[in-house]
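1. sequence first, predicted coordinates after that:
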Amino acid sequence: MTKPKLTPKRRRRTLLLGSSLLLAAGIALAGCAATGSTSSSLNSSSSSSSSSTSTVAAASTEVTESDADTTEETIDDTTAAVKAFLATLSDEQVEAVTYDYDDETKTTSWSNFPVTFVQRAGLNVADLTEEQQVAAMQVLEALLSDDGYQQVVDIIGGDQYLKDNSSSTEDSLGQYYIAFFGDASDNSAYEVQFGGHHLGINATLDGSSDAITFAPTHLGMQPAMYKNSDGDEVQTFGSIYEDAFAFYDSLTTEQQQTLTSGEVTMCAPGDTCDYTTGTGLSGSDLTDEQRKLLLDLIANWSGMADAQSAATTRAEIEATLDDTVIAWSGETTYDMSSGDGINFSISGPNVYLAFQSQNGSAGADIDGVSTSGWGHVHTIYRDPSNDYANSVEQQAASSGGPGGGAPADGGPDNS
């Protein structure tokens, strides 16, 4: 498979209609392991009054589109969506989906491992009624930009594609959990947590300081490309690969040699992170155009909300870009028919980003579809200066928690 020819991004609703057909009924239900000061575990048998046969992606097509441009608008829209979702739940469900802001569960209930390995907090969206599913996905629609929401749907679609078409025996493919940390009814900080195997969003919204952060967040994908039931090709990380190689190709030969001589690092979920910059290419050695391309790449993680929020985070990262180090290993040409994909890390005072190809399919094999290397990627985005919105309790709780996602040697896992 050579470098794919990218087409302009489809409108969100068009994409979701196609993806919803791909995500057929039959997502396996599982209980969550939410334990904390304000929440209790809730088994799938009691999580809704009637088990739904709908799917997460099907519900995504029913959401009302919003168009927030500012941080304030996004916080207002998301808060309203959270309230609307909670209003559809029973008292027992509300208890299971809500936590104190500094509950340590926040740091241990997201991972790049399957749900069967690391239990997620909150409610399994696939186990809700159709009305509740739509309301849950409306929270994400309000929170994310068009591109951010589309990326999430592509990831969800890829997991369900594997469940429906591959040899994988991983029952948790297609399961996604939602949880809230803090009170979304006032102006203090609260967090929206949503995720499954290849997705772990931790978005903190703070109306009192007019700020949104997505650190830490896990975006993953498998496979690289798949076709939905309409025959439309979905390229899950197409934009990310384009941005990564736009940056790499902008470098001089000498800069590329410095970049690839560095050490690619990984700070996984639950790991103790010292955020050392390590070796590689320094941001201070980049031209203005190269700096822009690097910031464009980082924005795939840091800029998932509205334009104002994305610009604020971008400016913070840019301010310390001279002290940021980038390292790269693996292929140096965007050609999916060759090699095992790419790995890179970006480490600085205001950003930590690790992108690692997984050299294994974890049993999710499909003839003619790349489910390893180029087609199986785990990424982690963190902010050394503002992880979990700079909560002292959460910073401490994230040191060595059980939600880790990389082997002891720090290399990529094959989950």
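-> In hand now; what should we look at?
2. residue 72 contacts residue 211, doesn't it?
-> No. Using Cβ atoms under 8 Å, residue 72 is not in contact with residue 211; the gap is 10.3 Å. Using the backbone N, CA and C atoms, a C-beta is placed for each residue, glycine as well.
3. domain parsing for this structure?
-> 12-205, 234-397 (automatic domain parsing).
4. if you compare the ones you listed, which one is most tucked away?
-> Of all these, domain 12-205 has the most neighbours on average by mean count of other Cβ atoms under 10 Å, namely a mean of 21.
5. for the protein, what spans make up the helices?
-> For the chain, applying DSSP state H gives helices covering 12-22, 56-60, 71-87, 91-97, 105-108, 130-143, 146-165, 238-250, 253-260, 288-302, 307-319, 392-397.
6. so which of the ones you listed is nearest residue 183?
-> Closest to residue 183 of the helices of the chain, according to Cβ to Cβ: helix 71-87, at 9.8 Å.
7. how far does stretch 332-347 stretch from start to finish?
-> End-to-end distance of stretch 332-347 (Cα to Cα, to the nearest Å): 20 Å.
8. how far out from the middle of the chain is that stretch?
-> 20 Å (Cα atoms, centre = their mean, to the nearest Å).
9. poorly predicted segments of the protein, please.
-> 1-53, 229-230, 271-272, 392-415 (pLDDT under 70).
10. residue 216 contacts residue 270, correct?
-> No. Applying Cβ under 8 Å as the test, residue 216 and residue 270 come out as separate, 10.2 Å apart.
11. one step back: mind putting the domains of the chain in CSV, distance to residue 226 included?
-> Formatted as CSV, these follow (distance: least, Cβ to Cβ, whole Å):
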stretch, distance to residue 226
domain 12-205, 5
domain 234-397, 6
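12. go ahead and flag the most central residue of the chain.
-> residue 219 (3.2 Å; Cα atoms, centre = their mean).
13. dig out what the closest residue in space to that one that isn't next to it in sequence forms beta bridges with.
-> Of all residues not flanking residue 219 in the chain, residue 379 sits nearest, at 5.0 Å (Cβ to Cβ, 6 or more residues apart in numbering). Listed beta-bridge partners, residue 379: residue 219, residue 355 (assigned using DSSP bridges).
14. sorry, back to before: and the helices of the chain as TSV, adding distance to residue 223?
-> Listed next are those as TSV, based on distance: least, Cβ to Cβ, whole Å:
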stretch	distance to residue 223
helix 12-22	13
helix 56-60	16
helix 71-87	31
helix 91-97	31
helix 105-108	29
helix 130-143	23
helix 146-165	6
helix 238-250	12
helix 253-260	26
helix 288-302	18
helix 307-319	28
helix 392-397	33
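15. please identify which of these is closest to residue 334.
-> Distance to residue 334, taken as Cβ to Cβ, is lowest for helix 238-250 among the helices of the chain, at 4.4 Å.
16. roughly how far does the residue nearest to residue 219 sit from residue 348?
-> 16 Å (Cβ to Cβ, to the nearest Å).
17. again with residue 208
-> 27 Å.
18. same question, residue 307
-> Distance, residue 307 to residue 348, by Cβ to Cβ: 23 Å.
19. contact partners for residue 329?
-> 260, 264, 342, 343, 344 (Cβ atoms under 8 Å, 6 or more residues apart in numbering).
20. list just the nearest of these to residue 187.
-> residue 344 (38.0 Å).
21. now do the contacts for the closest one.
-> Counting by Cβ under 8 Å, 6+ apart, residue 344 makes contact with 244, 264, 326, 327, 328, 329, 353, 354, 355.
22. looking at those residues, which one is closest to residue 337?
-> Distances from residue 337 to those, taken by Cβ to Cβ, are shortest for residue 244, at 17.4 Å.
23. for the closest one, which non-adjacent residue is spatially closest?
-> In space, residue 244 is closest to residue 297, 5.7 Å off (Cβ to Cβ, 6+ apart).
24. contacts only, for the one you found.
-> 240, 243, 244, 246, 247, 346.
25. and the last one, what is it in contact with?
-> Put plainly, it is residue 346. Listed by Cβ under 8 Å, 6+ apart, the contact partners of residue 346 are 294, 297, 298, 324, 325, 326, 352, 353.
26. tell me the bridge partners for it.
-> Under DSSP bridges, the beta-bridge partners of residue 346 are residue 326, residue 353.
27. so it versus residue 320, what's the distance?
-> Residue 346 is 12 Å from residue 320, by Cβ to Cβ.
28. where's the residue sitting furthest away from the middle of the chain relative to residue 323, distance?
-> Distance from the C-alpha centroid of the chain peaks at residue 254, with 33.1 Å (Cα atoms, centre = their mean). Using Cβ to Cβ, we find residue 254 at a distance of 21 Å from residue 323.
29. same deal with residue 359?
-> If you go by Cβ to Cβ, the gap between residue 359 and residue 323 works out to 31 Å.
30. equivalent analysis for residue 373, please.
-> For residue 373, the distance to residue 323 - Cβ to Cβ - is 32 Å.
31. which one among the contacts of residue 344 gets closest to residue 104?
-> residue 354 (23.2 Å).
32. and that closest one, how far from residue 286?
-> As judged by Cβ to Cβ, residue 354 and residue 286 stand 20 Å apart.
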